[in-house]
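S.K.: can you look at this prediction? I've put the sequence above it.
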Amino acid sequence: MDTVKTDRALQRQKPGHQSLWRPLTFGLVAASGLLVFYLGTITLAQGWGHATEQLLDDFWFVSAIIAGFGTQVGLYTYLRRMHLHAMAGGVTVSTGTSTIAMLACCAHHLTDVFAIIGLSGIALFLNAYKTPLLWVGIVMNLFGIAYLLWKIRQQRRPLRAT
């Protein structure tokens, strides 16, 4: 009788197709939130028309960073669902880099605002290194995704052995 209970408990711990809805939802919400942040920042600085134009100009960078960010949030949610108690510091570092890269993309639109509050040097730096910072954001996203996939594989390994 104990064997049956143990087998049922293990089956409940294994993530199935039903448990994928939550990570997918969280990932899509996070990606959408980053897109809204990006468009909102540019819209506040220079208007909606310029925001959409900038999105089209930097489409490949922005979409890669947004997709990577959403993927990381979804994978992290999936790990949490698996009751992973290990520290996942890689998510914090790479998603923070993604946000900085997105800010770098928007920063030259905020130069006037930064100058008013005494931060024009930051705007100039972010504008000058916009493309390298976007590449760093993409690479950090890839490292974050690889780290989370490694943690998922680590977490699943004990479940397969039983």
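M.R.: All right, it came through fine.
S.K.: so which bits of stretch 34-50 are buried?
M.R.: For stretch 34-50, burial by neighbour count (16 or more other Cβ atoms under 10 Å) applies to Leu34, Leu35, Tyr38, Leu39, Thr41, Ile42, Thr43, Ala45, Gln46. Where you see a C-beta, it was placed from the backbone N, CA and C, and this is true even at glycine.
S.K.: least confident pick among these?
M.R.: Among the buried residues of stretch 34-50, Ala45 carries the lowest pLDDT, at 80.
S.K.: any idea how far it lies from Asp58?
M.R.: For Ala45, the distance to Asp58 equals 15 Å [Cβ to Cβ, to the nearest Å].
S.K.: next one: Phe26
M.R.: Taken as Cβ to Cβ, the span from Phe26 to Asp58 is 25 Å.
S.K.: before we move on, back to that, now, which of the buried residues of stretch 34-50 sits nearest Gln155?
M.R.: Relative to Gln155, the closest of those is Leu34; by Cβ to Cβ it sits at 26.2 Å.
S.K.: in which helix or strand would I find Ser63?
M.R.: Using DSSP states H and E, Ser63 maps to helix 59-81.
S.K.: check Thr25 too.
M.R.: helix 21-46.
S.K.: next SSE after that helix?
M.R.: By DSSP H and E, the next helix or strand past helix 21-46 is helix 48-57.
S.K.: give the contact list for the closest residue to Gly70 other than its chain neighbours.
M.R.: Among residues not flanking Gly70 along the chain, Ala31 sits closest, at 2.9 Å (Cβ to Cβ, 6 or more residues apart in numbering). By Cβ atoms under 8 Å, 6 or more residues apart in numbering, the contact set of Ala31 is Ile66, Ala67, Phe69, Gly70, Val73.
S.K.: go again using 10 Å as the cut-off
M.R.: Ser63, Ile65, Ile66, Ala67, Gly68, Phe69, Gly70, Thr71, Gln72, Val73, Gly74 (Cβ atoms under 10 Å, 6 or more residues apart in numbering).
S.K.: so where's this structure uncertain?
M.R.: Along the chain, segments meeting pLDDT under 70 span 1-18, 83-124, 126-127, 158-162.
S.K.: can you rerun that using 90?
M.R.: Scanning the chain with the threshold set as pLDDT under 90 gives 1-20, 38, 41-47, 50, 54, 58, 75-145, 147-148, 150-162.
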